[in-house]
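[1] Pasting a predicted model and its sequence here:
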Amino acid sequence: MGKTTIARLLARESGLRFEQISAIFSGVAELRKVFDAAAALWRTGRATLLFVDEIHRFNRAQQDGFLPHMETGAVILVGATTENPSFALNAALLSRAQVLRLAPLDEAAIHALLQRAEADAGRALPVDAAGRAALAGMADGDGRAALNLAEAALALEGGPHGPAELSARLARRAALYDRTGDQHFGLISALHKAVRGSDPDAALYWLARMLQGGEDPRYLARRLIRMAAEDVGLADPQALGLAVAARDTYETLGSPEGDLALAEAAAYLALAPKSNALYAAFKAAQADARETAGLPPPAHILNAPTRLMKEQGFGAGYAYDHDAPDAFSGQDYFPERLGRRRYYAPTDRGFEQEMGARMARLSRLRAARGGDDADGAGEK
């Protein structure tokens with residue numbers, strides 16, 4: 001049932017005074033009244049269970065205002081939020097709280113609620129077995145929605161009604177989705193991990209869930225492009241181009257026709273060979289770049305457009321690769337004090353197998369021409 005009902009039951013079973021406010025409609029003045037009343041009651045030896053709905057709407061200062069009253073014991077705080085409390089609530093408040101997550105009701109619980117509705121009405125729902133299963137599915141794990149659907153079904157004439165008629169005549173529970181809240185981040189995480197886990201069916205399901213919930217398809221297109229670069233990488237170089245093409249197709253067609261292009265990209269990315277080797281290589285290169293930001297390039301690869309620069313050795317000894325055998329001179333292009341680094345380690349999956357073979361061949365040539373040995377000295 002509802003969060004408020006749970007809080008009321010806790011207060012009743014604990015012998016506490018129940019007080020309820022909503023963070024949407026309450027401010028400092030309302031909080032002060034609640035705290036003053038709770039303090040006065042506490043002096044008589046009785047505590048107050050304060051239920052705060054949408055507690056994440058309070059700012060940090062307001063959330064901090066609960067702490068002294070919680071520490072004296074005058075207030076037992078029960079807060080409800082649809083956001084992730086790790087991000088929406090102060091650390092000090094969280095450290096004094098126990099976090100309980102309310103999960104959707106399972107099928108057995110929904111059917112039990114339908115039976116209670118029948119007992120309360122004194123008659124059976126005018127549905128057949130398939131229709132009863134359809135009612136439970138339409139509730140989507142929401143007990144209040146199940147009771148509302150049962151009430152609406154009891155008002156239908158005739159029967160027994162099946163799934164098709166119930167679907168046409170009753171309102172299905174609205175999808176739970178907040179484009180800026182916890183559901184948004186949870187579902188995009190599910191989509192990303194389904195693609196990374198090479199499951200096209202799950203990827204299509206989560207993509208459909210987000211689109212039906214009203215997510216901006218352009219956001220989904222950007223995330224698919226990121227997946228192509230981060231999780232597929234050079235194991236399939238076509239993946240990034242296909243993801244970009246899916247975004248451009250959506251921009252051309254819009255919804256709903258353009259949604260199919262996003263679905264195509266999601267399925268392709270899920271089935272593509274996976275490699276984060278380039279992602280890891282670039283992070284390692286970024287770390288070195290931060291630590292050695294002051295090191296200049298080696299003099300032999302710097303241009304020397306003036307006589308003074310030539311006299312200082314700029315460009316001296318540079319070998320033009322196109323003039324070398326195999327168009328490869330084997331010279332070092334890292335700062336002299338840094339030495340050669342090996343960041344990129346291709347996998348043996350997909351196209352990266354070919355990339356690895358190319359790198360091994362170039363490493364052998366570099367060693368033969370006086371550079372670092374083929375084993376990649378200075379790897380990182």
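    Noted; the coordinates are in hand.

[2] rest of the way, CA atoms for contacts and neighbours
    Will do.

[3] so the closest residue to residue 209 other than its chain neighbours is in which element?
    In this structure, residue 209 finds its nearest non-sequential neighbour in residue 187, 7.9 Å apart by C-alpha to C-alpha, 6 or more residues apart in numbering. Here residue 187 sits within helix 182-196, counting by DSSP states H and E.

[4] is it true that the residue nearest to residue 209 touches residue 211?
    No: between residue 187 and residue 211 there is no contact, the gap being 10.7 Å when judged by C-alpha atoms under 8 Å.

[5] returning to that earlier point: buried ones in the helix holding residue 187?
    Residues 182-184, 187-188, 190-196 are the ones in helix 182-196 that count as buried (16 or more other C-alpha atoms under 10 Å).

[6] do stretch 28-37 as well
    Buried residues in stretch 28-37, counting neighbours by 16+ other C-alpha under 10 Å, are found at 31, 34-35.

[7] and what of stretch 80-98?
    The neighbour-count check on stretch 80-98 (16+ other C-alpha under 10 Å) flags 80-83, 85, 88-90, 93 as buried.

[8] Same question for stretch 356-368.
    Applying 16+ other C-alpha under 10 Å to stretch 356-368 flags 356, 362-366 as buried.

[9] mind exporting stretch 351-361 as CSV, just the C-alpha atoms?
    The C-alpha atoms that make up stretch 351-361 are tabulated as CSV, following Å, rounded to 0.1, in the frame of the first residue of the first chain:
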residue,chain,number,x,y,z
PHE,A,351,38.7,-6.1,-35.7
GLU,A,352,41.1,-5.6,-32.8
GLN,A,353,42.7,-8.9,-33.7
GLU,A,354,43.9,-7.2,-36.8
MET,A,355,44.9,-4.1,-34.9
GLY,A,356,47.0,-6.2,-32.6
ALA,A,357,48.7,-7.9,-35.5
ARG,A,358,49.6,-4.5,-37.0
MET,A,359,51.0,-3.3,-33.7
ALA,A,360,53.1,-6.4,-33.3
ARG,A,361,54.5,-6.0,-36.8
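
[10] which residues in the stretch 1-150 of the chain form strands?
    17-22, 48-53, 75-80 (DSSP state E, counting those that start in this stretch).

[11] hmm, back to that, show me the contacts for the residue nearest to residue 209.
    With contact set as C-alpha atoms under 8 Å, 6 or more residues apart in numbering, residue 187 has these partners: 206, 209-210.

[12] who's in contact with the nearest residue in space to residue 159 that is not next to it in sequence?
    Counting by C-alpha to C-alpha, 6+ apart, residue 159 lies nearest to residue 126, which is 5.1 Å off, once chain neighbours are set aside. Contacts for residue 126 (C-alpha under 8 Å, 6+ apart) come out as 153-154, 156, 158-161.

[13] Could you rerun that using 7 Å?
    153-154, 159-161 (C-alpha atoms under 7 Å, 6 or more residues apart in numbering).

[14] Single out whichever of those has the smallest pLDDT.
    The lowest pLDDT within those belongs to residue 159, with 74.

[15] That one contacts residue 127, doesn't it?
    Yes: with contacts defined as C-alpha atoms under 7 Å, residue 159 counts as touching residue 127 at a distance of 6.2 Å.

[16] could the contacts of residue 126 go into JSON lines alongside distance to residue 278?
    Output for the contacts of residue 126, formatted as JSON lines (distance: C-alpha to C-alpha, whole Å):
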{"residue": "153", "distance to residue 278": "57"}
{"residue": "154", "distance to residue 278": "60"}
{"residue": "159", "distance to residue 278": "62"}
{"residue": "160", "distance to residue 278": "61"}
{"residue": "161", "distance to residue 278": "57"}
